[in-house]
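Trainee: Below is the sequence, then the predicted model.
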Amino acid sequence: EVQLVESGGAVIKPGGSLRLSCATSGFTFDDYAMNWVRQAPGKGLEWVSLISWDGSGTYYADSVRGRFTISRDSFENSLYLQMNSLRPEDTALYYCAREFEGTNSLDHWGQGTLVTVSS
Amino acid sequence: DIVMTQSPLSLPVTPGEPASISCRSSQSLLHRSGYNYLHWYLQKPGQSPQLLIYLGSDRASGVPDRFSGSASGTDFTLKISRVEAEDVGVYYCMQGLQTPYTFGQGTKLEIK
């Protein structure tokens, strides 16, 4: 069974940093591109970042480029999101999601981890 | 960026009746493979989103056949042939043709 479990969410002050993790199991992690998607309270879905299956390609939404860094560790079968210079508008539930090979659709999602940026 | 526009934003439906959600993209989503990189998700209350339809019309694993997707140019439609109570939630379209991937605003389906 495919499982994605996010962690690392917290309440953090503006300007602070946070690292989110997504532990995966039930599939060959190295074969899949992975994404982060966020959802502000009561709002819709916003794609944040993508990393290719081998980590050679990384892509970001304009709203986070230069502040967030996506990475992966094949030994830990884990996905990460390093978030720096956090802003109140980064407050959201952050989901990691696996990309369905060859389709760029997101076929498995975690339960999310909540990041609250507030003074 | 590709803009995705959904309608309606709210959809009250009587159980057993059909439902239809539209999604329009600001540019073609046709990949060189010949497939439209348009996907549909359902977020049930209190849950994470789940993939319903990928590549415009292919049902994801375990999705009932009452769900179907179609495309005409830059217009995409998700249809539910007979709505059931478990179908309530917010439906999103998403383009995966190019980054940044973008979602529609969401359509909230509720039972009358």
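Mentor: Perfect, thanks for sending it.
Trainee: Alongside chain B, which residues does chain A contribute?
Mentor: Contact residues, chain A versus chain B (C-beta under 8 Å from any C-beta of the partner chain): A:35, A:37, A:44-47, A:50, A:59-62, A:95, A:100, A:103-112. (Glycine included, C-beta is placed from N, CA and C.)
Trainee: from those residues, which would you call buried?
Mentor: Neighbour counting by 16 or more other C-beta atoms under 10 Å in any protein chain shown classes A:35, A:37, A:45-47, A:50, A:59-61, A:95, A:100, A:103-110, A:112 among the residues of chain A next to chain B as buried.
Trainee: Look through chain A and state the residue closest to chain B.
Mentor: Residue of chain A nearest chain B, by C-beta to the nearest C-beta: A:Asn104 (3.0 Å).
Trainee: so how many other residues sit close to the spatially closest residue to that residue that is not a sequence neighbour?
Mentor: Sequence neighbours aside, B:Gly96 is the residue nearest to A:Asn104 in space, at 3.0 Å (criterion: C-beta to C-beta, 6 or more residues apart in numbering or on different chains). For B:Gly96, the neighbour count with other C-beta atoms under 10 Å in any protein chain shown is 25.
Trainee: check contacts around B:Gly96.
Mentor: Applying C-beta atoms under 8 Å, 6 or more residues apart in numbering or on different chains, we find B:Gly96 in contact with A:Thr103, A:Asn104, A:Ser105, B:Tyr37, B:Leu38, B:His39.
Trainee: For stretch B:33-45, list every residue counted as buried.
Mentor: For stretch B:33-45, by 16+ other C-beta under 10 Å, it's B:Tyr35, B:Asn36, B:Tyr37, B:Leu38, B:His39, B:Trp40, B:Tyr41, B:Leu42, B:Gln43.
Trainee: Closest to chain A out of these?
Mentor: Looking across the buried residues of stretch B:33-45 and measuring by C-beta to the nearest C-beta, the closest to chain A is B:His39, at 4.1 Å.
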